[in-house]
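A.B. asks: The sequence and its predicted three-dimensional model are supplied below.
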Amino acid sequence: MSSSVANLVNKFRGCLAGGLIGDCLGSPFEADNPISRSVLYNFLTKQLEESAKMFQMFPFTDDTAMTKSMAQSFIELKRFDAKDMAKRFSVEYFKDPKRGYGGNVVDVFAALRHTHYEYPYEPARLQFNGSGSYGNGGAMRTSPVALFGFHLSDAELIELATNCAKITHSNRNGYNGAILQCLAIREALQTQSSPTDHSFDVNVYLNSLIEKMQKVETTICTETDNNDSHNKSNGVPETPFTDKLNKIKKIFESQTKVNELSGEKVAYILGNDVSALKSVPSAIYSVLRGQTPIEAFQSTNPFVRTLYFALSLGGDTDTIASMACSIAGALYGNDLIPNPLRKHCEDIDLLIKYSEDLYDLVPNK
Ligand code: RVK
Ligand code: MG
Ligand code: MG
């Protein structure tokens, strides 16, 4: 895998900074459904003000807490170790539990601690009577996988993303959501962007993701899949993520259609809840929507438009905005992210440091 992308370190920084910004600025709206357009407009306008004397600090939530643990594990060990990652998730949770974690994943952390992290996949496998979690918790924290695995082949990256997600999310739709989010980030990192022209080919981007997810979703489930039987009709594997990507592709065939669809309407079509299936495609849609002007929030900056649109979906705003902005940050790079936005975010300097440490681990630059 070639890593000869211009200004790759800027893209690495943009990815983790973007994810943090989406999480911190999305969390005040979590569960607003639908979201008030005027409240959102005033909020984002205020956060973008360069001249503000005092910047209100927004704390990160579980999305970033788990992203940090993933990054730390890769950086310190320079390899993937499931037990180490499981331990970091659990230790971090018990140290700082009030970060808005998912309702059931906390039981995984408790079981991991109870079994001294000996069986890092077992507690997640037992969740929901053995069907595993389909929440977006595996997807929301996957950006360090895309950075650490930047140089890997698709098959290797997919395997890594799966193994990282399955520590908490053993349902097929839980870890496939993490795979899609990881591929979406890596694809964005590989897209050449220029400082003056931020446009990219939406169709090429979507086609690549569709082709890869089609392969992922139609590959025979492995023996470790405990929910195999839920995913086939008449012996044919279901392909829900590929179907959603095709739906997005259809919408983007007409710019008029794209302009017509408000956040509320997109939330209705693609979803905006805590399941991976109803949030990862919505995050990807928000990135693509950020390519062109949005009437309700005029900005020439595609990163800002992505953030606005992701928030306008309502529902699981911290996670959808975090996933969307980590992809957008990987696409456009850190330099395009307006400074006032980062000043609102807890631990921004640490996330930038992690992105640089992960960049240093990329071989053959
Ligand atoms: C609060 C039935 C299932 C299920 C299954 C539902 C934070 C449950 C973050 C569960 C993210 C919820 C989000 C979340 C991340 C999942 N059958 N219901 N098989 N699988 N659910 O607990 O890390 O915001 O209602 O695994 O994926 O900001 O409580 O957590 O938005 O999805 O939570 O799934 O959550 P969990 P998570
Ligand atoms: Mg959260
Ligand atoms: Mg959330």
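C.D. replies: Happy to help now that I have it. Ligands and ions are numbered 1, 2, ... in the order given.
A.B. asks: just checking, what packs against the helix or strand hosting residue 147?
C.D. replies: Taking DSSP states H and E as the definition, one finds residue 147 inside helix 143-148. On a contact count with 3 or more C-beta pairs under 8 Å, 6 or more residues apart in numbering; DSSP states H and E, helix 143-148 meets helix 8-26, helix 62-77, helix 154-165, helix 172-190, helix 317-332, helix 348-360. Every C-beta, even on glycine, is put in place using the N, C-alpha and C of the backbone.
A.B. asks: For residue 116, find the nearest of those helices.
C.D. replies: Closest to residue 116 of the helices and strands packed on helix 143-148 is helix 62-77 (C-beta to C-beta; 17.1 Å).
A.B. asks: wait, does the closest one contact ligand 1?
C.D. replies: Yes. Counting by C-beta under 6 Å from any ligand atom, ligand 1 is contacted by helix 62-77 at 62, 63.
A.B. asks: Show me which residues of stretch 242-252 are buried.
C.D. replies: 242, 244, 245, 248, 249, 251, 252 (16 or more other C-beta atoms under 10 Å).
A.B. asks: One more: stretch 16-28?
C.D. replies: Quick answer for stretch 16-28 (16+ other C-beta under 10 Å): 16, 17, 18, 19, 20, 21, 22, 23, 24, 25, 26, 27.
A.B. asks: wouldn't the second one be in contact with residue 351 here?
C.D. replies: Yes. Contact criterion C-beta atoms under 8 Å: residue 17 and residue 351 qualify, at 5.9 Å.
A.B. asks: and this structure, which residues reach ligand 1?
C.D. replies: 61-63, 100-105, 128, 131, 133-137, 140, 171, 274, 316, 318-319.
A.B. asks: again, only this time at 5 Å
C.D. replies: Contact residues, the chain versus ligand 1 (C-beta under 5 Å from any ligand atom): 102-105, 128, 131, 133-135, 137, 274, 316, 319.
A.B. asks: export the residues you listed to JSON lines and tack on neighbour count and secondary structure?
C.D. replies: As requested, the residues of the chain next to ligand 1 are arranged in JSON lines below (neighbours: other C-beta atoms under 10 Å; DSSP: H, G, I helix; E, B strand; the rest coil):
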{"residue": "102", "neighbour count": "18", "secondary structure": "coil"}
{"residue": "103", "neighbour count": "9", "secondary structure": "coil"}
{"residue": "104", "neighbour count": "13", "secondary structure": "coil"}
{"residue": "105", "neighbour count": "21", "secondary structure": "helix"}
{"residue": "128", "neighbour count": "15", "secondary structure": "helix"}
{"residue": "131", "neighbour count": "17", "secondary structure": "coil"}
{"residue": "133", "neighbour count": "27", "secondary structure": "coil"}
{"residue": "134", "neighbour count": "25", "secondary structure": "coil"}
{"residue": "135", "neighbour count": "27", "secondary structure": "strand"}
{"residue": "137", "neighbour count": "29", "secondary structure": "helix"}
{"residue": "274", "neighbour count": "21", "secondary structure": "coil"}
{"residue": "316", "neighbour count": "29", "secondary structure": "coil"}
{"residue": "319", "neighbour count": "35", "secondary structure": "helix"}
